[in-house]
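**Q** Predicted model follows, preceded by the sequence.
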Amino acid sequence: KAGVTQTPRYLIKTRGQQVTLSCSPISGHRSVSWYQQTPGQGLQFLFEYFSETQRNKGNFPGRFSGRQFSNSRSEMNVSTLELGDSALYLCASSLELAGTDTQYFGPGTRLTVL
Amino acid sequence: DAKTTQPNSMESNEEEPVHLPCNHSTISGTDYIHWYRQLPSQGPEYVIHGLTSNVNNRMASLAIAEDRKSSTLILHRATLRDAAVYYCILRAYNAGNMLTFGGGTRLMVKP
């Protein structure tokens, strides 16, 4: 089975622009979560989707948004980019929503904001 | 989610066992103990999880204290490939898939 894929792998944007990142979960997985990883803050939860509905949201401003499609693929969008948005954005998929479900992470998208 | 406390870093020699501790004194009865690790330049990967009893899998063993206020991840024979940041995370059974990562323990393995 193919793992979680994320596109693009690297991205360079300038302040004020917007960006869309894509995540394809493992086949059959219905839950997708997004995380931001920075050297200062570590790994932080952004949001979680299940069956096209956002089930949980982390403490991030409204500039960060996401959605999930009927095939479970997910996108996240960051509008009005700031320098502090430079980070590794990780997507994780799992079968369901149970607290015992294993999360499978993708390789991440490295976003640099200039 | 209840908080976990881990040492910032640990060192081990190759082919020796490694015991990575985690304290979680405020754990609740429905919290599962999960361990993930993140190898350099990769996303985190699942290692093991448990509730009350000790658990073994092909990667590691998880020893859970009787009062569940602490746990230990055991790598039986560390290899260079095990050098990573190890995260101990508590997850409530009905709390969805959100993982609350702490600082983790950076494990260095010496040849």
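**A** Arrived safely, thanks for sending. All values reported here derive from a predicted model rather than from experimental measurement.

**Q** For the residue in chain B positioned nearest to chain A, give me its contacts.
**A** Going by C-beta to the nearest C-beta, chain A is nearest to B:Gly43 of chain B, at 3.1 Å. In this view, the C-beta of every residue, glycine as well, is placed from N, C-alpha and C. For B:Gly43, the contacting residues are A:Val4, A:Leu90, A:Ala92, A:Phe105, A:Gly106, A:Pro107, A:Gly108, by C-beta atoms under 8 Å, 6 or more residues apart in numbering or on different chains.

**Q** Leaving out the residues flanking it, which one is nearest to it?
**A** A:Phe105 (3.1 Å; C-beta to C-beta, 6 or more residues apart in numbering or on different chains).

**Q** so that neighbour touches A:Cys91, yeah?
**A** Yes: counting by C-beta atoms under 8 Å, A:Phe105 touches A:Cys91, with 7.2 Å between them.

**Q** Excluding covalently adjacent residues, which one is nearest to A:Thr112?
**A** A:Ile12 is the one closest to A:Thr112 (C-beta to C-beta, 6+ apart), at 4.8 Å.

**Q** Off-centre distance for the helix or strand harbouring that neighbour?
**A** A:Ile12 belongs to strand A:10-13 when elements are defined using DSSP states H and E. The chain centre lies 15 Å from the centre of strand A:10-13; the measure is C-alpha atoms, centre = their mean, to the nearest Å.

**Q** Give the partner strands of the very next helix or strand once past it in its sheet and their orientations.
**A** The helix or strand immediately downstream of strand A:10-13 is strand A:19-24, counting by DSSP H and E. Strand partners for strand A:19-24, identified by DSSP bridges, are recorded as strand A:5-7 (antiparallel), strand A:74-78 (antiparallel).
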